[in-house]
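> Dropping the sequence and predicted coords here.
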Amino acid sequence: MSYTELNLEDLYLQMQDDLYDGLKEEIPEQVQEALRRGQTPQEILDGGLVAGMDIVGVDFRDGILFVPEVLMAANAMKAGMEILRPLLTETGAERIGTAVMGTVKGDIHDIGKNLVAMMLEGAGFEVINLGINVDAEKFIAAIKEHQPDILGMSALLTTTMPYMKVVVDTLGEEGMRDDIYVMVGGAPVTENFAREVGADAYGRDAAVSVEIAKSYMIRRRQKLAQPA
Ligand code: B12
């Protein structure tokens, strides 16, 4: 199908509808069309992909959609994100820091975490993305290996959120807590919860998370530049 005759608003509505229906072939074409019309990756995420996934989320909660349908929608979303990935990660900027990221143990949701990872890359971070279902041992091993400035943990389930505290506590036991800035996020996570588990920051969405990470790096550099 050609999307050229749809106006921009209808193109976004079509994108949301097709994401809802898990149409993995259509979404990339629509994303391309939006790009052709000069839309930015952020506008496409907000107006099409994330907006569509929000509707999926509501109907999943209300028992109208079930896991297989949501999985199809998630795959369609990922197909769209693949088109945006090079644009979100392309950066002329110098490396400003390193981040290790993962979705915590027991949790397989990775769309939001991957979005944050892509946008951090776009902002000049090197990101080591550990994927889903990551336990404390794996986080610690990656931190020892890569010596990142930032650890980012994602959780989308109320049952897996508490595992963030396990990781933070393990960092403490290993004597590594003070050397790393811990950021947490995911739909059920809140500022308060972040504080409770001993994280340094909560990222509501990808754009805010990137700002927080960047300003942390500036503070860190200023601190390192000060004479002891
Ligand atoms: C897609 C989806 C799935 C897909 C996941 C596919 C994938 N590859 O990710 C599938 C179908 C596999 C799935 C499975 C399940 N899901 Co689900 N899922 C969703 C859904 C609809 C959307 C999540 C999403 O991708 N959102 C879009 C992204 C862009 O948003 P986001 O994740 O919030 O990320 C943003 C911010 O939170 C933040 N962020 C995220 N991570 C991080 C990390 C850091 C470090 C920072 C700083 C910021 C940050 O930035 C992101 C970008 O802006 C949500 C509904 C919802 N409202 O969240 C339910 C939801 C999370 N799922 C839910 C449930 C119950 C399940 C299942 C248990 C269902 C089942 N019975 O099997 C399983 C769990 C399996 C498991 N062990 O993990 C519930 C959780 C309820 C609860 N209170 O815990 C929800 C809320 C749906 C609901 N309302 O009932 N799910």
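Happy to help now that I have it. Since this is a predicted model, take the numbers as computed values, not measurements. Numbers count the residues shown, from 1 in each chain.

> Need the CA coordinates for the longest strand seen in the chain. PDB is fine.
Secondary structure of the chain per DSSP state E: the longest strand is strand 97-103. Below are the C-alpha coordinates for strand 97-103, written out as PDB (Å, rounded to 0.1, in the frame of the first residue of the first chain):
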ATOM      1  CA  GLY A  97      30.600   8.100  28.800                       C
ATOM      2  CA  THR A  98      29.800   4.400  29.100                       C
ATOM      3  CA  ALA A  99      26.600   2.700  30.300                       C
ATOM      4  CA  VAL A 100      25.700  -0.900  31.100                       C
ATOM      5  CA  MET A 101      22.000  -1.500  30.700                       C
ATOM      6  CA  GLY A 102      19.700  -4.400  31.200                       C
ATOM      7  CA  THR A 103      16.200  -5.600  32.100                       C
END
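
> After that strand, which helix or strand is next?
As assigned by DSSP states H and E, the chain's next helix or strand after strand 97-103 is helix 111-122.

> what does that following helix rub up against?
Residues from elsewhere that reach helix 111-122 (CB atoms under 8 Å, 6 or more residues apart in numbering): 45, 53, 74, 77-78, 81, 84-85, 87-91, 99, 101-103, 127, 129, 152, 154, 156, 185-187, 203, 206-207, 209-210, 213. Every C-beta, even on glycine, is put in place using the N, C-alpha and C of the backbone.

> before we move on, what about stretch 46-64?
11-12, 15-20, 27, 30-31, 34, 39, 65-66, 69-70, 73-74, 77, 80-81, 111, 187.

> try stretch 79-95
15, 19, 24-25, 27-28, 30-32, 35, 41, 44-45, 48-49, 111, 114-115, 118-119, 121-126.

> Kindly report the same for stretch 8-28.
Contacts for stretch 8-28 (CB under 8 Å, 6+ apart): 1, 3, 6, 30-31, 33-34, 37, 39, 47-49, 51-53, 55-56, 59, 69, 71-73, 75-77, 79-80, 82-83.

> host element of Ile153?
You called it Ile, but residue 153 is Met. Taking DSSP H and E as the criterion, Met153 maps to strand 150-154.

> got a list of contacts for stretch 166-177?
104-105, 136, 139-140, 143-144, 151, 153, 180, 182, 197-199.

> filter these to the buried ones?
104-105, 136, 139-140, 143, 151, 153, 180, 182, 197-199 (16 or more other CB atoms under 10 Å).

> Need the max-distance pair from those residues.
Largest separation among these by CB to CB: Lys105 and Ile180, giving 18.5 Å.

> Name the residues of the top helix by length along the chain that come out as buried.
For the chain, the longest helix by residue count, based on DSSP state H, is helix 67-89. Residues 69-70, 72-81, 83-85, 88-89 are the ones in helix 67-89 that count as buried (16+ other CB under 10 Å).

> now do stretch 27-43
For stretch 27-43, the neighbour count (16+ other CB under 10 Å) marks 27-31, 33-35, 39, 41 as buried.

> Stretch 150-166 now?
150-157, 160-161, 163-165.

> out of these, which touch the ligand?
Residues of these in contact with the ligand (CB under 6 Å from any ligand atom): 152-154, 156-157.

> Including pLDDT and distance to Asn192, could those go into TSV?
Below are these laid out as TSV (pLDDT from 0 to 100; distance: CB to CB, whole Å):
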residue	pLDDT	distance to Asn192
Gly152	98	19
Met153	98	16
Ser154	98	17
Leu156	98	18
Leu157	98	18
